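**Student:** Give me a 3D structure for the following:
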Amino acid sequence: MQSKEQKTALVSGANTGVGFQIAKALADNGYLVYLGSRDFLKGETAASQIGDNARAIQLDITDQESIAAAVKTVGTESGYLSLLVNNAAISHAGKSGRTMEEVLGSQRASIVAINELKAVWETNVFSTLALTQAFLPLLHNARAARIVTVSSALGSLTINSNPQNPYRSAFDAAYGASKTALNGIFLSLAIDLQDTNIKVHLVSPGFTATALNNFQGTDTVEEGSIEPVRVVLSEDLPTGSFTGPAGFSGADNILPW
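**Tutor:** Residues are numbered from 1 along each chain as shown. Just a heads-up that it's a prediction; the model follows:
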């Protein structure tokens, strides 16, 4: 069991965007951070920018062998994991180079290609849970551990059922609904683990300009990272929380399911 050893974290999709900002904040606050990246060289570049507390690790969450190798590396080097940050995700599985509007238009429930819908859900839902399940033994080895999953307010059924929601038309069957499913599964996980040493949190970065939306979001990466960073650094939040940026969410940044 962990006693006073250095806290360790693994962040998936950490070589760029919000994932990179989360990894940097954790390293700056004393964590040993494993930067998960599908492209190991890009992960190494990102880790070198953060400093000595960051280590690159090859991680493709859709590849079971890659996940197993990452678990083995962290287990061998650290023996436990204090924090798992599920950040890796995709917004679509179709033709690249399209605008956000074109992607959303193609992913309406009435016309979305089922193979593309399955591909988005495979990454955002099933692979995210597979990664989490694989790291549970190392999380249980920590004195107190947390799982923080980057979701989206776009996945909120309460928000999207409101006709006054200006972003309602963006609730598509592929990306948006995948976040709804992700929320449901990780709320289920929070209930499953409520009597253990592991807390589970979901967090929305807001409408952040990243590769997910062709950099068409209204917030900078730094602005969009504020709430995720707050959550990953907060150890006293109640398990099963779902929060978002101040001003968009309610009291204590809580988002409705």
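
**Student:** and V71, what does it touch?
**Tutor:** The contact partners of V71, taken as Cβ atoms under 8 Å, 6 or more residues apart in numbering, are A134, F135, L138. Yep, even glycine has a C-beta here, placed from its N, CA and C like the rest.

**Student:** Quick check: which ranges of the stretch 1-150 of the chain have low pLDDT?
**Tutor:** Scanning the stretch 1-150 of the chain for pLDDT under 70 picks out the ranges 1-5.

**Student:** mind listing the strands for it?
**Tutor:** Using DSSP state E, counting those that start in this stretch, the strands of the stretch 1-150 of the chain run over residues 8-11, 32-37, 54-58, 83-86, 145-150.

**Student:** Going along the chain, name the helices of the stretch 51-200 of the chain.
**Tutor:** 64-77, 100-106, 114-121, 128-140, 157-160, 175-192 (DSSP state H, counting those that start in this stretch).

**Student:** Got phi/psi on the spatially closest residue to L233 that is not a sequence neighbour?
**Tutor:** Spatial nearest neighbour of L233, chain neighbours left out: N29 (6.0 Å); criterion: Cβ to Cβ, 6 or more residues apart in numbering. Dihedral pair for N29: phi -100, psi 20, per degrees, to the nearest 10.

**Student:** Share the number of residues neighbouring N29, please.
**Tutor:** 14 (other Cβ atoms under 10 Å).

**Student:** How much space separates it from L81?
**Tutor:** 16 Å (Cβ to Cβ, to the nearest Å).

**Student:** Find the nearest non-adjacent residue to the most centrally placed residue in the chain, please.
**Tutor:** Geometric centre of the chain, nearest residue: N87, 2.5 Å, by Cα atoms, centre = their mean. Spatially, and ignoring its direct neighbours in sequence, N87 is nearest to G19 (4.0 Å; Cβ to Cβ, 6+ apart).

**Student:** same thing with E122?
**Tutor:** The spatially closest residue to E122, leaving aside those adjacent along the chain, is T62, at 6.4 Å (Cβ to Cβ, 6+ apart).

**Student:** Next: T196.
**Tutor:** Using Cβ to Cβ, 6+ apart and skipping the chain neighbours, the partner closest in space to T196 is H140 (6.9 Å).

**Student:** ok, that neighbour to G155 distance?
**Tutor:** Relative to G155, and taking Cβ to Cβ, H140 is found at 28 Å.

**Student:** So the two - more neighbours on which side?
**Tutor:** G155 (25 against 15).

**Student:** so can I have a markdown table of the contacts of V71 showing distance to K179 and neighbour count?
**Tutor:** As requested, the contacts of V71 are exported to a markdown table (distance: Cβ to Cβ, whole Å; neighbours: other Cβ atoms under 10 Å):
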| residue | distance to K179 | neighbour count |
| --- | --- | --- |
| A134 | 21 | 16 |
| F135 | 21 | 21 |
| L138 | 26 | 20 |
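
**Student:** now the residues you listed in TSV, with distance to P245?
**Tutor:** Shown next, in TSV, are those (distance: Cβ to Cβ, whole Å):
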residue	distance to P245
A134	30
F135	27
L138	30
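
**Student:** wait, which of the residues you listed is closest to S241?
**Tutor:** The closest of these to S241 turns out to be F135 (Cβ to Cβ; 19.8 Å).
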